[in-house]
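J.: model the structure of this input:
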Amino acid sequence: MYQTLLALVLLEGVLLVLWCRPWWPWGVTLFSRRIPVPASLLLDFPDTRLQADLQSDQWPDLLVRRLDRRSFAFRESFGFHFGWRYPPMMRGLILVDVQRRELRIVGRSSWTVLFVVASFIPALAVAPGGVVVVALIFAASYLVQRHRFLAVEAAIRGYLDPRA
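T.: Numbers count the residues shown, from 1 in each chain. Model prediction:
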(Lines give C-alpha, C1' and ligand atoms only; values in the text may rest on other atoms or scores of the structure.)
Protein backbone atom coordinates (compact mmCIF):
# COMPACT_ATOMS: atom_id res chain seq x y z
CA MET A 1 0.00 0.00 0.00
CA TYR A 2 2.90 2.33 0.77
CA GLN A 3 4.33 1.83 -2.73
CA THR A 4 0.95 2.60 -4.30
CA LEU A 5 0.61 5.83 -2.31
CA LEU A 6 4.16 6.87 -3.19
CA ALA A 7 3.58 6.14 -6.90
CA LEU A 8 0.31 8.09 -6.80
CA VAL A 9 2.00 11.08 -5.10
CA LEU A 10 4.81 11.09 -7.68
CA LEU A 11 2.46 10.72 -10.65
CA GLU A 12 0.17 13.46 -9.40
CA GLY A 13 3.16 15.72 -8.71
CA VAL A 14 4.48 15.26 -12.24
CA LEU A 15 1.05 16.00 -13.74
CA LEU A 16 0.76 19.14 -11.60
CA VAL A 17 4.21 20.40 -12.53
CA LEU A 18 3.60 19.77 -16.25
CA TRP A 19 0.17 21.46 -16.14
CA CYS A 20 -1.25 18.48 -18.04
CA ARG A 21 -4.45 19.77 -19.69
CA PRO A 22 -6.38 16.45 -20.04
CA TRP A 23 -5.80 15.57 -16.37
CA TRP A 24 -6.77 18.91 -14.80
CA PRO A 25 -10.60 18.56 -14.99
CA TRP A 26 -10.58 15.08 -13.40
CA GLY A 27 -11.27 14.71 -9.70
CA VAL A 28 -13.86 15.06 -7.00
CA THR A 29 -15.20 18.60 -6.79
CA LEU A 30 -14.56 20.20 -3.39
CA PHE A 31 -15.63 23.75 -4.24
CA SER A 32 -17.56 25.29 -7.12
CA ARG A 33 -18.74 28.80 -7.98
CA ARG A 34 -20.47 30.33 -10.99
CA ILE A 35 -19.98 34.03 -11.65
CA PRO A 36 -22.10 35.82 -14.27
CA VAL A 37 -19.89 38.00 -16.44
CA PRO A 38 -20.59 40.42 -19.32
CA ALA A 39 -19.56 38.91 -22.66
CA SER A 40 -16.99 41.66 -23.31
CA LEU A 41 -15.04 40.70 -20.16
CA LEU A 42 -15.06 36.99 -20.97
CA LEU A 43 -12.82 37.47 -23.98
CA ASP A 44 -9.98 39.07 -22.03
CA PHE A 45 -9.50 37.20 -18.76
CA PRO A 46 -6.61 38.74 -16.73
CA ASP A 47 -4.71 35.55 -15.81
CA THR A 48 -1.34 37.26 -15.23
CA ARG A 49 -2.95 39.91 -13.06
CA LEU A 50 -4.81 37.21 -11.13
CA GLN A 51 -1.57 35.42 -10.23
CA ALA A 52 -0.03 38.68 -9.01
CA ASP A 53 -3.11 39.45 -6.89
CA LEU A 54 -3.03 36.00 -5.26
CA GLN A 55 0.54 36.24 -3.91
CA SER A 56 0.74 35.91 -0.15
CA ASP A 57 3.49 36.14 2.46
CA GLN A 58 1.63 33.80 4.78
CA TRP A 59 0.78 30.96 2.37
CA PRO A 60 2.54 29.34 -0.59
CA ASP A 61 1.99 31.27 -3.83
CA LEU A 62 -0.89 30.32 -6.07
CA LEU A 63 0.23 29.85 -9.66
CA VAL A 64 -2.17 30.46 -12.54
CA ARG A 65 -1.61 29.09 -16.06
CA ARG A 66 -3.66 29.23 -19.24
CA LEU A 67 -4.51 25.70 -20.38
CA ASP A 68 -6.33 26.73 -23.56
CA ARG A 69 -8.47 29.61 -24.88
CA ARG A 70 -11.23 29.07 -22.36
CA SER A 71 -9.65 27.48 -19.31
CA PHE A 72 -7.10 28.43 -16.69
CA ALA A 73 -5.63 26.28 -13.94
CA PHE A 74 -4.34 27.24 -10.52
CA ARG A 75 -2.43 25.40 -7.80
CA GLU A 76 0.03 26.02 -5.00
CA SER A 77 3.67 26.47 -5.89
CA PHE A 78 6.12 23.77 -4.89
CA GLY A 79 8.92 26.27 -4.20
CA PHE A 80 10.47 27.17 -0.88
CA HIS A 81 8.19 28.99 1.49
CA PHE A 82 8.94 30.04 5.04
CA GLY A 83 5.37 30.75 6.20
CA TRP A 84 2.60 28.29 7.01
CA ARG A 85 2.58 24.89 5.32
CA TYR A 86 -0.30 22.47 4.85
CA PRO A 87 -0.93 19.36 2.78
CA PRO A 88 -2.30 20.62 -0.54
CA MET A 89 -5.64 18.99 -1.22
CA MET A 90 -6.87 20.99 -4.17
CA ARG A 91 -6.10 22.12 -7.66
CA GLY A 92 -8.35 24.62 -9.34
CA LEU A 93 -9.80 25.27 -12.76
CA ILE A 94 -11.35 28.47 -14.10
CA LEU A 95 -13.60 27.86 -17.09
CA VAL A 96 -14.84 30.62 -19.39
CA ASP A 97 -18.32 29.76 -20.64
CA VAL A 98 -19.16 32.26 -23.39
CA GLN A 99 -22.56 30.74 -24.19
CA ARG A 100 -23.83 31.06 -20.62
CA ARG A 101 -21.83 34.27 -20.07
CA GLU A 102 -20.24 33.05 -16.88
CA LEU A 103 -17.00 32.00 -15.26
CA ARG A 104 -16.96 28.72 -13.40
CA ILE A 105 -14.36 28.25 -10.70
CA VAL A 106 -13.91 24.65 -9.63
CA GLY A 107 -11.65 23.31 -6.89
CA ARG A 108 -10.97 19.58 -7.24
CA SER A 109 -9.51 17.20 -4.70
CA SER A 110 -6.16 15.61 -5.34
CA TRP A 111 -6.24 11.86 -5.87
CA THR A 112 -3.60 11.35 -3.18
CA VAL A 113 -5.93 12.80 -0.54
CA LEU A 114 -8.77 10.55 -1.69
CA PHE A 115 -6.50 7.51 -1.41
CA VAL A 116 -5.37 8.50 2.09
CA VAL A 117 -8.96 9.09 3.23
CA ALA A 118 -9.99 5.69 1.82
CA SER A 119 -7.17 4.08 3.81
CA PHE A 120 -8.58 5.51 7.06
CA ILE A 121 -11.17 2.74 7.37
CA PRO A 122 -8.71 -0.19 7.57
CA ALA A 123 -6.28 1.94 9.62
CA LEU A 124 -8.92 2.57 12.30
CA ALA A 125 -8.55 -1.02 13.48
CA VAL A 126 -4.77 -0.70 13.82
CA ALA A 127 -4.17 2.87 15.05
CA PRO A 128 -7.34 4.80 15.84
CA GLY A 129 -5.46 7.64 17.54
CA GLY A 130 -3.23 8.16 14.52
CA VAL A 131 -6.21 8.24 12.19
CA VAL A 132 -7.85 10.92 14.33
CA VAL A 133 -4.70 13.07 14.25
CA VAL A 134 -4.37 12.73 10.47
CA ALA A 135 -8.10 13.43 10.04
CA LEU A 136 -7.72 16.64 12.07
CA ILE A 137 -4.76 17.71 9.90
CA PHE A 138 -6.82 17.09 6.76
CA ALA A 139 -9.80 18.98 8.21
CA ALA A 140 -7.58 21.99 8.94
CA SER A 141 -6.06 21.72 5.46
CA TYR A 142 -9.54 21.64 3.94
CA LEU A 143 -10.41 24.90 5.71
CA VAL A 144 -7.20 26.52 4.44
CA GLN A 145 -7.92 25.32 0.90
CA ARG A 146 -11.44 26.75 1.16
CA HIS A 147 -9.95 30.07 2.20
CA ARG A 148 -7.55 29.98 -0.78
CA PHE A 149 -10.39 29.08 -3.17
CA LEU A 150 -12.50 31.96 -1.87
CA ALA A 151 -9.51 34.28 -2.37
CA VAL A 152 -9.48 33.33 -6.06
CA GLU A 153 -13.21 34.00 -6.29
CA ALA A 154 -12.83 37.36 -4.52
CA ALA A 155 -10.02 38.42 -6.86
CA ILE A 156 -12.10 37.54 -9.93
CA ARG A 157 -15.13 39.36 -8.54
CA GLY A 158 -12.86 42.34 -7.92
CA TYR A 159 -12.08 42.51 -11.66
CA LEU A 160 -15.79 42.60 -12.40
CA ASP A 161 -16.54 45.40 -9.96
CA PRO A 162 -16.86 48.66 -11.96
CA ARG A 163 -15.48 50.66 -9.00
CA ALA A 164 -12.21 48.67 -8.97
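J.: buried residues, the helix or strand of the chain with the lowest mean pLDDT. List them.
T.: Here the helix or strand of the chain ranked lowest by mean pLDDT, DSSP states H and E is helix 39-42, holding a mean of 75. Across helix 39-42, burial judged by 16 or more other C-beta atoms under 10 Å covers residue 42. Every residue, glycine included, has its C-beta placed from N, CA and C.
J.: low-confidence stretches in the chain?
T.: 1, 57, 79-87, 162-164 (pLDDT under 70).
J.: quick one, longest helix in it?
T.: Identified as the longest helix of the chain according to DSSP state H is helix 128-160.
J.: now do the same contact list for the residue sitting nearest the centre point of the chain.
T.: In the chain, the centroid-proximal residue (C-alpha atoms, centre = their mean) is residue 91; its distance is 2.5 Å. By C-beta atoms under 8 Å, 6 or more residues apart in numbering, the contact set of residue 91 is 16, 24, 27, 73, 74, 75, 107, 108, 110.
J.: mind doing that once more with 10 Å?
T.: Counting by C-beta atoms under 10 Å, 6 or more residues apart in numbering, residue 91 touches 12, 15-16, 19, 23-27, 30, 73-76, 106-110, 145.
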